[in-house]
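>>> Let's see this in three dimensions:
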Amino acid sequence: MKTDRKGFRQMVDEAKSRIKTISLEEAKSRLGSDRVVFVDLRDVRELEREGMIPGAFHCPRGMLEFWIDPESPYHKDVFSSGKEFVFYCNLGWRSALATDVAQQMGLPRVLDMEGGFNAWKERGLPVAERPQKKA
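All right, here's what the predicted structure looks like:
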């Protein structure tokens, strides 16, 4: 029996064939640039437990499409800024899928960070605590 079912690995591989993935070194060279926004796609619990790349914008993966689309009532202006975006998650799977979706939605300059936040931390690159919400 033939099935058209795709597993997550196939979906990630297909996404990676359509997007640009940059190395940790390339990502680090962009850190601190006012022309680049790092987008952390992880769950808030992951950010609280692990920290995040300093200055990154947190966009939970489940909200991405709604925050990118200017027609959405949930649109976030950062995605209309004309800046370059570096997407990352924990291992690089969610960010590959998200980068692919963002490109399909017309976000012009979006990159996937190789290896995700785990690789970033293992390399000893800068990590910050998640900023606390103001009460």
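>>> quick one, strands of this structure?
Applying DSSP state E to the chain gives strands spanning 21-22, 36-40, 57-58, 84-88, 110-113.
>>> and the angle for the fourth one with strand 36-40?
The reference is to strand 84-88. For strand 84-88 against strand 36-40, the angle by axes from the mean of the first three to the mean of the last three Cα atoms, to 10 degrees is 20 degrees.
>>> so what strands line up beside strand 84-88?
Within its sheet, strand 84-88 is paired with strand 36-40 (parallel), strand 110-113 (parallel), according to DSSP bridges.
>>> average pLDDT for stretch 9-25?
Average pLDDT, stretch 9-25: 96.
>>> Tell me who's in contact with the residue nearest the centre of the chain.
The chain has residue 87 as the residue nearest its centroid, 2.3 Å off, counting by Cα atoms, centre = their mean. Residues near residue 87 by Cβ atoms under 8 Å, 6 or more residues apart in numbering: 39, 41, 95, 98-99, 102, 110-113. (Glycine included, C-beta is placed from N, CA and C.)
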